[in-house]
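Trainee: Here is the input, now give the coordinates:
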Amino acid sequence: LAGLRIVTTRPPLHWFGGVDFDFATEMAEELRAMGAAVFELDVRGFIFPNRDYVKTVTQELRSFRPDVAMALPNATYALLCCSGQGNIFADILQIPVIMLWDHGLLQWPRWCLHPLPEKPAQSTAGSIQKLREALNHPLYHHYSPDSGHMMAFDRLGILSRDKVKIFLQPAYPNFVKHGYRVVDRSAFRTRVAFAGNVYLQASRELPFRDEPVLTEIEERVLARKQERLTDSLWDLITAEIDQLNRPVREQLRLAPDCTFFWSFVHDEIEVVGNTRVRLAVLGGLKHEYDFFGNFIEPKSADTLRSHYNIRLRKSLDYFTELPLLFINSDVIVDVINLGYNSGISPKVMGCLACGGLILFDYKEDFHRALGDVGNQVMYRSIDELNGLVDLYLGDGRRRRDVSRYLQHQISTQYSFRNLCRRILAEEPVWRSDG
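Mentor: Numbering: from 1, shown residues only. Modelled structure (predicted):
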């Protein structure tokens with residue numbers, strides 16, 4: 001990337017426990033290591049509007065003369081960089097913007113339609129047009145790690161599939177580097193472990209709990225999801241909504257053009273779905289496991305221990321401690337964030353890049369990229385998960401063979417460095433804007 005001048009986004013330090021900030025920082029450093037000149041734009045002056053900051057940083061960016069903007073760690077942070085004159089990259093500087101999605105199907109409406117209503121009566125119309133206007137800028141170049149999200153946006157008439165390129169969620173530099181380091185092999189040593197979050201308190205306190213029809217939808221959909229783990233919760237919820245009679249659907253503002261639809265679907269998937277389905281899968285494990293994380297709701301620790309019989313351990317630093325858990329565990333069990341329809345999360349690729357072995361619910365995009373070897377680490381039911389855990393705990397050689405093969409594949413073909421090389425140098429679609 002020598003000679004390329006890139007402006008990247010830097011999130012607020014404490015958002016999402018500082019993980020997004022750390023991700024963006026190391027991603028920017030990787031771009032520098034590849035030879036690019038990088039300007040890291042602090043987005044706080046746009047999120048918490050500061051007119052003097054916007055004016056000053058705009059002048060600094062004009063002096064820097066960037067060729068392209070890259071939203072890090074994901075495209076949301078580019079959308080947030082707006083002032084009265086529009087988006088700083090696409091409208092003010094008029095440069096192409098690389099938009100790397102995370103689970104954009106649920107993330108973007110939260111920002112583009114902010115504030116989302118808490119109850120149906122507070123809902124407003126016009127969501128589809130607002131999302132269409134926010135995402136269809138001619139200088140935005142969209143890349144999604146989830147083909148299911150692409151199809152959903154296309155069906156809703158928000159963003160055509162031909163405007164989005166698919167990529168497999170990459171392994172980020174820190175995890176790739178840990179795969180080649182000599183580390184303390186006793187740190188966080190476990191046989192079986194889970195690392196992630198559930199949201200018991202937030203699930204109980206959703207403001208639309210007084211709407212019985214919504215609670216009934218939730219129970220029916222989650223029952224189906226637990227029966228068919230491979231079905232995306234988005235598809236199950238939208239199918240259930242489509243089956244409601246029209247007066248009920250209109251009364252509850254559950255059409256995609258209504259802002260409450262996006263509020264309800266987000267909370268059901270990201271909050272309730274992640275909690276209920278993860279606890280159901282973990283509760284079905286035959287082997288004892290250690291639960292690491294839950295930094296979002298640390299006060300739920302006693303409930304997890306007493307009501308769910310969970311052996312709760314500490315919350316791990318994502319960059320210094322989590323890689324050690326991946327490396328030193330025989331098996332990591334995961335339930336992919338339900339915000340993904342057919343793609344995987346960075347956690348999966350991070351674990352594999354470290355040389356760990358992670359078992360997760362089947363995702364078509366991973367299978368499409370890795371082929372049949374993907375079936376050796378993906379489960380379609382709790383019974384299949386238990387069978388895989390038994391297999392790898394009882395056969396250390398097979399466990400090492402599978403993890404080493406996948407580590408090589410991920411580190412050499414699906415790292416963030418490889419993704420940047422593809423997008424910025426080998427297939428630079430964004431240069432057509434010049």
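Trainee: so residue 416 makes contact with residue 174?
Mentor: No: in this structure, residue 416 is not within contact of residue 174 by CB atoms under 8 Å, at 9.7 Å. No exception for glycine: its C-beta is placed from N, CA and C like everyone else's.
Trainee: So between those two, which is more surrounded?
Mentor: The neighbour comparison of residue 416 against residue 174 (other CB atoms under 10 Å) goes to residue 416, with 26 against 22.
Trainee: got a list of what the closest residue in space to the more buried one that isn't next to it in sequence touches?
Mentor: Closest residue in space to residue 416, ignoring its immediate chain neighbours: residue 170 at 4.4 Å, by CB to CB, 6 or more residues apart in numbering. When contacts are counted by CB atoms under 8 Å, 6 or more residues apart in numbering, residue 170 touches 346, 349, 414-416, 418-419.
Trainee: Please narrow those residues to those residing in helices.
Mentor: 346, 349, 416, 418-419 (DSSP state H).
Trainee: picking that back up, tell me the pLDDT at the residue nearest to residue 416?
Mentor: pLDDT, residue 170: 97.
Trainee: Now residue 262: closest residue in space that isn't a chain neighbour?
Mentor: Nearest non-adjacent residue to residue 262 (CB to CB, 6+ apart): residue 109, at 3.9 Å.
Trainee: any idea which element the one you found lies in?
Mentor: helix 104-112 (DSSP states H and E).
Trainee: So which other helices or strands are in contact with that helix?
Mentor: helix 76-79, helix 127-135, helix 147-155, helix 259-266 (3 or more CB pairs under 8 Å, 6 or more residues apart in numbering; DSSP states H and E).
Trainee: which residues touch the helix or strand following the shortest one?
Mentor: Okay, so that is helix 76-79. Counting by DSSP H and E, the element after helix 76-79 in chain order, helix or strand, is strand 82-83. Residues outside strand 82-83 that contact it (CB under 8 Å, 6+ apart): 46, 49, 51, 54, 88, 92.
Trainee: if I look at the first one, how far off is residue 111?
Mentor: If you measure residue 46 against residue 111 using CB to CB, to the nearest Å, the figure is 12 Å.
Trainee: Ok, the second one next?
Mentor: Per CB to CB, residue 49 is found 15 Å from residue 111.
Trainee: mind listing the helices for the stretch 101-250 of the chain?
Mentor: Ranges of helices within the stretch 101-250 of the chain are 104-112, 127-135, 147-155, 173-178, 200-204, 212-227, 233-242, 246-251, based on DSSP state H, counting those that start in this stretch.
Trainee: Excluding its own residues, what touches the shortest one? List them.
Mentor: Where contact means CB under 8 Å, 6+ apart, the residues beyond helix 200-204 that reach it are 271-272, 275-276, 297, 299-300, 303-304.
Trainee: Now that helix: buried residues?
Mentor: For helix 200-204, a neighbour-count test (16 or more other CB atoms under 10 Å) marks 200, 202-203 as buried.
Trainee: Also stretch 20-32?
Mentor: For stretch 20-32, the neighbour count (16+ other CB under 10 Å) marks 20-28, 30-31 as buried.
Trainee: Find the nearest non-adjacent residue to residue 34, please.
Mentor: Leaving aside its sequence neighbours, residue 34 is closest to residue 1 (4.3 Å, by CB to CB, 6+ apart).
Trainee: Next one: that neighbour from residue 27, what distance?
Mentor: 13 Å.
Trainee: can you check residue 220 too?
Mentor: Residue 220 is 40 Å from residue 27, by CB to CB.
Trainee: again, but for residue 103
Mentor: For residue 103 relative to residue 27 (CB to CB), the value is 18 Å.
Trainee: now do residue 262
Mentor: Distance from residue 262 to residue 27, by CB to CB: 28 Å.
Trainee: Next: residue 11.
Mentor: Relative to residue 27, and taking CB to CB, residue 11 is found at 11 Å.
Trainee: what about residue 111, neighbour count?
Mentor: 14.
Trainee: Check the one 10 residues further on too.
Mentor: Residue 121 has 10 neighbours, counted by other CB under 10 Å.
Trainee: likewise residue 78?
Mentor: Other residues close to residue 78 by other CB under 10 Å number 27.
Trainee: how near is it to residue 153?
Mentor: Taking CB to CB, one finds residue 78 at 17 Å from residue 153.
Trainee: now do residue 41
Mentor: Relative to residue 153, and taking CB to CB, residue 41 is found at 26 Å.
Trainee: Over to residue 380?
Mentor: 26 Å.
Trainee: returning to that earlier point: confirm for me that the residue nearest to residue 262 is in contact with residue 116.
Mentor: Yes: shown here, residue 109 and residue 116 form a contact pair, counting by CB under 8 Å, at 7.1 Å.
Trainee: okay, those two: which has more neighbours?
Mentor: Ranked by neighbour count (other CB under 10 Å), residue 109 and residue 116 place residue 109 first, with 23 against 20.
Trainee: Take the helices of the stretch 101-250 of the chain and lay them out in TSV including distance to residue 372.
Mentor: Below are these laid out as TSV (distance: least, CB to CB, whole Å):
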stretch	distance to residue 372
helix 104-112	28
helix 127-135	35
helix 147-155	19
helix 173-178	24
helix 200-204	37
helix 212-227	25
helix 233-242	25
helix 246-251	42
